[in-house]
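Undergrad: just the structure for this:
(one chain, ligands or ions: 3)
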Amino acid sequence: MKISFSKLSIPRGGVLALCVAEGNKLGEFAAQVDGRAGGLVSRALKKGSFKGKHGQTLMLVAPADLPVQAILLVGIGKPQNWAETEPEKLGGGIVKAMNGGEENQVHFAVEGTDKAKMDAAAVAARVGYGALLGSYRFDRYYTKEDKHKTPAFNTLTVMTADAKGAEAAYEPLARIADGIFLTRDLVSEPANVLYPKEFARRCKELKELGVKVTILGVKEMQELGMGSLLGVGQGSAHESQLAVLEWNGLPKGREMKPLAFVGKGVTFDTGGISIKPAAGMEEMKFDMGGAGTVTGLFKALAGRKAKVHAVGVLGLVENMPSHKAQRPGDVVKSASGQTIEVINTDAEGRLVLADALWYVQEKHDPQLIIDLATLTGAIIITLGHEYAGLFSNNDQLSRRLRDAGAAEGEGVWRLPMGEAYDKMMDSDIADIKNTGGRQGGSITAAQFLKRFVKDDMPWVHLDIAGVAWKYKASETVPKGGSGWGVRLLNRLVADNYEQTDG
Ligand code: BES
Ligand code: MN
Ligand code: ZN
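TA: Ligands and ions are numbered 1, 2, ... in the order given. Model prediction:
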């Protein structure tokens, strides 16, 4: 989707979209268009069910005296109540309304938003951002043009009183979208294509943006004693990898301990010897969602040259049953030195994260750690597909994430941790076991991870099993890999950790 910004004027050709506030109030420009159209718009508003409610759309054929093909009315509701993400839904809504049509161009006159808490430039930029996000398609495997036709609509001009300001505000948002699209691509990619080495190769493409990328193979990980991560991957024909991403956009002379982001990157989770049932197993291609989000985040941070120091560690493995696979009952030794009894080979994500968490603490001395993982089915039972589960040893970091999530429409909900849950992970023959049973399954998984986090290290674990995949399209998130978390973490960084010049 090509997005640009211009002043308000009647375009030639394509579709002209107009704002209609709740109660069918037209703005100045829309009223002018209505006049040129002989009152077509106001007549349409008198009849029918269109009431200017936020997200409502109505397509009208344009009269001959207007140089456009059609007029699209877009309900904007009550802008005074808008959250920042509301205008994005209008942009995404236009994409939806244009789908299946033959027109390739829309000019959207954004006006009447003076009472919103954002200025005109921010509103227009967010409209463009929403259209961009909503236009994403994972279409690389379609070969039949007639069945899977690329939508004709591909050019949106957002018309606003402050086109220059909107363009400036849009630029960093487009870089965040680049990151989100990378995450969506990775998450939607099938596991025969995206295995650990291929994932690592795609990470290396971020070097172009100035991200330092280091890849460790099995041999290097053996030398580090990463028996926990390696045990998960040992049944696979694909070699396990650890990818380390580093972005340092600090102004000269500035320093900070890095923010660390750790991602579960199980490129496919069969369950291993504790094999999963066949029904729905295909979904387990998205079990690398945590690593996908971290990768997209680094693309966003580097793309907009964020003034921050961040490190990402991705544990990339495939969990397969085979004659080489680990067995239930095996005891492995993690890089931290702690031994783990593998009760269930399907509780593999935590085994991967244990060594990745240790690695980032030993090698990068971070000021905080946030890990992301499609870790438990139990979190879907708890929170459904609306919120990610948040587990933490730190109130301030938890609050910051909660606020960032609320602002970006990527909510997180904190769940309890504590000693009683920790005890459920004690093993009879090793330091810890990898499952604590069905009850409180997401919490005991978090307790497991906590044993690999140093005592005074601010840490958050986000269980994203319910949000990494979108089952029902919204205006700005199509079905498939959602890209969830890139916005949340980018916002966390921007609002709390980014340095200023001087
Ligand atoms: N990758 C799964 C969790 C998952 C389930 C993610 C559904 C997305 C959708 C994870 O590795 C897993 O299998 N967890 C087990 C843990 C159990 C064996 C303790 C689970 O949730 O059943
Ligand atoms: Mn599993
Ligand atoms: Zn898994």
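Undergrad: please make it C-alpha for all contacts and neighbour counts, starting now.
TA: OK.
Undergrad: next one: phi and psi at the residue nearest to residue 480 when sequence neighbours are not counted?
TA: Distances taken as CA to CA, 6 or more residues apart in numbering put residue 470 closest to residue 480, at 5.0 Å, once the chain neighbours are dropped. Main-chain dihedrals, residue 470, degrees, to the nearest 10: phi -100, psi 120.
Undergrad: near ligand 2, which residues of this structure?
TA: By CA under 5 Å from the ion, the part of the chain that sits against ligand 2 consists of 271, 346-347.
Undergrad: which of the residues you listed sits closest to residue 67?
TA: residue 271 (60.0 Å; CA to CA).
Undergrad: pretty sure that closest one is in contact with residue 346, am I right?
TA: Yes - Residue 271 lies in contact with residue 346 (CA atoms under 8 Å); the separation is 4.0 Å.
Undergrad: re the thing from before, export the residues of the chain next to ligand 2 as CSV, with columns for distance to residue 491 and pLDDT.
TA: Below are the residues of the chain next to ligand 2 laid out as CSV (distance: CA to CA, whole Å; pLDDT from 0 to 100):
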residue, distance to residue 491, pLDDT
271, 34, 98
346, 33, 98
347, 31, 98
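Undergrad: by neighbour count, which of those residues wins?
TA: With neighbours defined as other CA atoms under 10 Å, the most crowded of the residues of the chain next to ligand 2 is residue 346; it has 24 neighbours.
Undergrad: hang on, it in a helix?
TA: No - Residue 346 is assigned coil when assessed by DSSP: H, G, I helix; E, B strand; the rest coil, not a helix.
Undergrad: can you tell me the SS state at the residue of the stretch 51-200 of the chain found nearest ligand 1?
TA: In the stretch 51-200 of the chain, the residue that lies nearest ligand 1 is residue 187 (11.8 Å; CA to the nearest ligand atom). Using three-state DSSP, the structure places residue 187 in helix.
Undergrad: for it, what are its contacts?
TA: Residue 187 is in contact with 285-286, 288-289, 292, 468-469, 480-483, counting by CA atoms under 8 Å, 6 or more residues apart in numbering.
Undergrad: residues contacting the helix or strand bottoming out on mean pLDDT in the chain, please?
TA: Ranked by mean pLDDT, DSSP states H and E, the helix or strand of the chain with the weakest confidence is strand 25-26, at a mean of 91. Strand 25-26 has contacts (CA under 8 Å, 6+ apart) with 19-20, 52, 112.
Undergrad: at 6 Å instead, please
TA: Around strand 25-26, the neighbours that count as contacts under CA atoms under 6 Å, 6 or more residues apart in numbering are residue 20.
Undergrad: just give the number of residues close to the closest residue to residue 57 other than its chain neighbours.
TA: Nearest non-adjacent residue to residue 57, counting by CA to CA, 6+ apart: residue 74, 4.7 Å away. For residue 74, the tally of surrounding residues (other CA under 10 Å) stands at 29.
Undergrad: now do the contacts for residue 74.
TA: Contacts for residue 74 (CA under 6 Å, 6+ apart) come out as 18-20, 56-57.
Undergrad: and if we set it to 10 Å?
TA: When contacts are counted by CA atoms under 10 Å, 6 or more residues apart in numbering, residue 74 touches 17-21, 50-59, 90-91, 93-94, 97, 108-110.
Undergrad: could you turn the buried ones of the residues you listed into a ChimeraX selection?
TA: A single ChimeraX command is used to select the members of the contacts of residue 74 judged buried by 16 or more other CA atoms under 10 Å:
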select :17,18,19,20,21,50,51,52,53,54,55,56,57,58,59,90,91,93,94,97,108,109,110
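Undergrad: from the contacts of residue 74, which land in helices?
TA: Judged by DSSP state H, the subset of these located in helices is 90-91, 93-94, 97.
Undergrad: do you know how far the residue nearest to residue 480 is from ligand 2?
TA: To ligand 2, residue 470 is 19 Å away according to CA to the ion, to the nearest Å.
Undergrad: before we move on, what about residue 379?
TA: Here residue 379 is placed at a distance of 13 Å from ligand 2 (CA to the ion).
Undergrad: next: residue 328.
TA: Taking CA to the ion, one finds residue 328 at 13 Å from ligand 2.
Undergrad: tell me how many other residues crowd that residue.
TA: 15.
Undergrad: which of the helices or strands spans it?
TA: For residue 328, there is no helix or strand it lies in under DSSP states H and E.
Undergrad: repeat that for residue 8.
TA: Going by DSSP H and E, residue 8 is not in any helix or strand.
Undergrad: in the sheet, who's paired with the closest residue to it other than its chain neighbours?
TA: Spatial nearest neighbour of residue 8, excluding adjacent residues (CA to CA, 6+ apart): residue 159 at 4.9 Å. When assigned by DSSP bridges, residue 159 has beta-bridge partners residue 6, residue 109.
Undergrad: go on, residue 260?
TA: With DSSP bridges as the rule, residue 260 is bridged to residue 311, residue 369.
Undergrad: list the contacts for it?
TA: Residue 260 touches 245-246, 294, 309-313, 357, 360-361, 364-371, 459, counting by CA under 10 Å, 6+ apart.
Undergrad: just the pLDDT for it.
TA: Note on residue 260: pLDDT of 99.
Undergrad: residue 308 contacts residue 298, doesn't it?
TA: No - assessed by CA atoms under 10 Å, residue 308 is found out of contact with residue 298, at 11.0 Å.
Undergrad: before we move on, back to that, buried ones only from the contacts of residue 260, please, as a PyMOL command.
TA: Remark: buried members of these, expressed as a PyMOL selection using 16+ other CA under 10 Å:
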select buried, resi 245+246+294+309+310+311+312+313+357+360+361+364+366+367+368+369+370+371+459
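Undergrad: do you know how far the residue in the chain that ligand 2 sits nearest to is from residue 282?
TA: Shortest the chain-to-ligand 2 distance, computed as CA to the ion: residue-wise this is residue 346, at 3.6 Å. Residue 346 sits 15 Å away from residue 282, going by CA to CA, to the nearest Å.
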